[in-house]
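K.L.:
missing the sequence, but the structure's below:
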Ligand code: CMC
């Protein structure tokens, strides 16, 4: 990002149009900050320093410069990016300039992944080589397989996925900047691209393994002659059929479209984690593990799973009004609704609705669909939701498709994270190649206790500690039974 010029000005000077003038009323100091691409650098504000006011806490750091407070990054851009653009007010999404609807209709997941990572759609030979490379990096080392096998049958598949990627870091020492130096990837494109195809290749294999553990079946070796999503379905489902068994092509196609829709979504919670962790220059496997962990939560990629639990709890159409009432009283959350960026229907959810019909034709209509439609229709007519601009997001329908396809509920976030890896990698590559990587290190505004002196234990009064939520802290969880003295 071009560093904006910052200078002191007087009010009589005519200001350039692409700038803002900020006056610090504590000191009368005025600074002019250049606006680039409709953004200003937060660092400019650190120029605004003021002496402590009477009685002001030292911890406010007033003489060290003004801070920008933006918990949860409501209006703070973390990066400049060329990858994905969202117009949340119009419900529009594009990758490298291509609208998501066109990619969903005409592209394939691996082609979209190439577009995200390298910036252009591949030619036929480039596409063939890319697909070949990924489909020949699907094998997972035997000892890593054994480690994955040790996970319990009831492990959440995302825990397995995250653990496997964290462990993969140990299986690729040549890819580790901690061992080979900070500039490992700056000077070695081949090494970077090798990790990219490895990560994309192994993701489906690890995902299938997480599923096979829970059904207590041996792992199925990957097949490089199948498409990316066909191979995933094959590794999950192949049992005693002949090896020529192929998953239903209509389901593989539906999954491929879903993968395109999930491939990237700019600075969401998990991709920003990828950028944040990647900024420390740790290896890409550790970055992927951290980003996947961020995705796993119910407010992010776990929402598709939460939608089905919510619909199941509602049970039938007549219970919809009661449920919405509970949402309005803030006793429930309407999962699959709302988005930080979209103030209109998420364009992916429109495409997904069509994919749902494709899947229901093969697998039969999902029984919860009537509840889902009634809930959506009622919410969209209700002022509580419309005034807050809450519309269905990608997770509202995707869970119903996955359920109709027979995936277990807790596998849904895996079906979100596997395609999202291409977005993670596109951002990781962009960041390392920008030449501007600096470690992510947010500041804080300290509102805790001011400096105080240590009190020896004998001199301390016992204090009941109340947390921020008003509940009393319980400093230990040892049961009374175990504390009983013999
Ligand atoms: N159900 C009920 N009320 C909601 C919901 C919802 N799903 N989402 C937002 N609100 C209310 C919220 O209570 C607040 O009301 P008030 O003004 O009275 O305090 C208002 O709408 C603004 O919401 P917010 O919490 O400030 O919005 P946010 O941008 O911080 O949160 C969100 C975005 C996606 C976390 C949130 O909408 C949510 O929790 N949705 C349900 C979970 C979900 O579907 N997540 C998947 C997101 S899309 C896929 C992805 O990228 O992960």
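P.N.:
Ah, there it is. Computed from a prediction, not measured in an experiment: that's the story for all the values here.

K.L.:
and the chain, which of its residues are near the ligand?
P.N.:
Applying CB under 6 Å from any ligand atom, one finds that the chain approaches the ligand through 265, 268, 299-301, 303, 327, 333-340, 388, 390, 393-395. C-beta coordinates here come from the backbone N, C-alpha and C atoms, glycine included.

K.L.:
Now do the contacts for the residue of the stretch 201-350 of the chain found nearest the ligand.
P.N.:
Residue nearest to the ligand within the stretch 201-350 of the chain: residue 338 (2.3 Å; CB to the nearest ligand atom). Counting by CB atoms under 8 Å, 6 or more residues apart in numbering, residue 338 touches 388, 390-391, 393.

K.L.:
Can you tell me which one of those carries the smallest pLDDT value?
P.N.:
Comparing pLDDT over these, residue 393 scores lowest. The value there is 89.

K.L.:
Count the neighbours of the nearest residue to it once chain neighbours are set aside for me.
P.N.:
Spatial nearest neighbour of residue 393, excluding adjacent residues (CB to CB, 6 or more residues apart in numbering): residue 346 at 4.5 Å. Residue 346: 28 surrounding residues under other CB atoms under 10 Å.

K.L.:
Now do residue 346 against residue 272, distance only.
P.N.:
Between residue 346 and residue 272 the distance is 18 Å, computed by CB to CB, to the nearest Å.

K.L.:
same deal with residue 265?
P.N.:
As defined by CB to CB, residue 265 lies at a distance of 11 Å from residue 272.

K.L.:
Those two: which has the busier surroundings?
P.N.:
Neighbours per residue (other CB under 10 Å) separate residue 265 from residue 272, with residue 265 holding more: 22 against 18.

K.L.:
from what I can see the more buried one touches residue 86, true?
P.N.:
Yes: counting by CB atoms under 8 Å, residue 265 does reach residue 86; the two are 7.2 Å apart.

K.L.:
Now do the shared contacts for these two.
P.N.:
Joint contacts of residue 265 and residue 86 (CB under 8 Å, 6+ apart) are residue 93.

K.L.:
All the helices of the stretch 1-150 of the chain, residue numbers only.
P.N.:
Taking DSSP state H, counting those that start in this stretch to define them, one finds helices in the stretch 1-150 of the chain at 100-106, 109-118, 124-135, 142-149.

K.L.:
With respect to burial, which of those scores highest?
P.N.:
Mean neighbour counts were compared across the helices of the stretch 1-150 of the chain using mean count of other CB atoms under 10 Å; the top stretch is helix 109-118, at a mean of 23.

K.L.:
Run through who's touching that one.
P.N.:
By CB under 8 Å, 6+ apart, helix 109-118 touches 83-84, 95-96, 98, 103, 107, 121-122, 126-127, 130-131, 134, 196, 200, 227-229, 256, 259-260, 263-264, 419, 422-423, 425-426, 429.

K.L.:
go on, stretch 360-370?
P.N.:
The contact list for stretch 360-370, computed with CB under 8 Å, 6+ apart, reads 248, 250-251, 254, 308, 311-312, 317, 356, 400-401, 403-406.

K.L.:
make it 6 Å
P.N.:
Residues from elsewhere that reach stretch 360-370 (CB atoms under 6 Å, 6 or more residues apart in numbering): 250-251, 311, 317, 400, 403-405.

K.L.:
Same question for stretch 138-156.
P.N.:
So stretch 138-156 is contacted by 160, 164, 167, 171, 201-202, 205, 209, 213-214, 216, 222, 410 (CB under 6 Å, 6+ apart).

K.L.:
Just the buried subset of those residues, please.
P.N.:
Among the contacts of stretch 138-156, those scoring as buried are 160, 164, 167, 171, 201-202, 205, 209, 213-214, 222, 410 (criterion: 16 or more other CB atoms under 10 Å).

K.L.:
what's the pLDDT at residue 272?
P.N.:
Note on residue 272: pLDDT of 98.

K.L.:
mind checking how far the nearest residue to it once chain neighbours are set aside is from the ligand?
P.N.:
Excluding the flanking residues, the one nearest residue 272 by CB to CB, 6+ apart is residue 78, at 5.7 Å. For residue 78, the distance to the ligand equals 15 Å [CB to the nearest ligand atom, to the nearest Å].

K.L.:
Same question for residue 352.
P.N.:
Distance of residue 352 to the ligand, given as CB to the nearest ligand atom: 12 Å.

K.L.:
thinking that residue is in contact with residue 399, fair?
P.N.:
No: using CB atoms under 6 Å, residue 352 is not in contact with residue 399; the gap is 10.0 Å.

K.L.:
So for these two, which residue has more residues nearby?
P.N.:
Higher neighbour count among residue 352 and residue 399: residue 399, with 29 against 25, using other CB under 10 Å.

K.L.:
Phi, psi for the residue nearest to residue 393 please.
P.N.:
Torsion angles at residue 346 (phi, psi; degrees, to the nearest 10) stand at phi -60, psi 120.

K.L.:
Could you check the pLDDT of it?
P.N.:
Residue 346 carries a pLDDT score of 89 in this model.

K.L.:
just the one 3 residues further on next, same as before
P.N.:
If you check residue 349, the pLDDT there is 87.

K.L.:
who's in contact with it?
P.N.:
Contact partners of residue 349, counting by CB under 6 Å, 6+ apart, are 392, 394, 396-397.

K.L.:
What sits closest to it if chain neighbours are left out?
P.N.:
Excluding its sequence neighbours, the residue lying closest to residue 349 (CB to CB, 6+ apart) is residue 392, at 4.7 Å.

K.L.:
Checking the residue in the stretch 101-250 of the chain positioned nearest to the ligand next. Helix, strand or coil?
P.N.:
At 13.5 Å from the ligand, residue 158 is the closest residue in the stretch 101-250 of the chain, using CB to the nearest ligand atom. Under DSSP: H, G, I helix; E, B strand; the rest coil, residue 158 falls in the helix class.

K.L.:
got the contact list for it?
P.N.:
Applying CB under 6 Å, 6+ apart, we find residue 158 in contact with 296, 413.

K.L.:
again with residue 251
P.N.:
Residue 251 neighbours (CB under 6 Å, 6+ apart): residue 362.

K.L.:
cool, the one 4 residues further on as well?
P.N.:
Contact criterion CB under 6 Å, 6+ apart gives residue 229 as the residues in contact with residue 255.

K.L.:
And the strand or helix carrying residue 234, what does it pack against?
P.N.:
Remark: residue 234 resides in helix 228-237, with elements defined by DSSP states H and E. For helix 228-237, the elements it packs on are helix 189-214, helix 249-262, judged by 3 or more CB pairs under 6 Å, 6 or more residues apart in numbering; DSSP states H and E.

K.L.:
okay if I get these as a markdown table plus distance to residue 383 and mean pLDDT?
P.N.:
A markdown table is the format used below for the helices and strands packed on helix 228-237 (distance: least, CB to CB, whole Å; pLDDT from 0 to 100):
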| stretch | distance to residue 383 | mean pLDDT |
| --- | --- | --- |
| helix 189-214 | 41 | 97 |
| helix 249-262 | 30 | 97 |
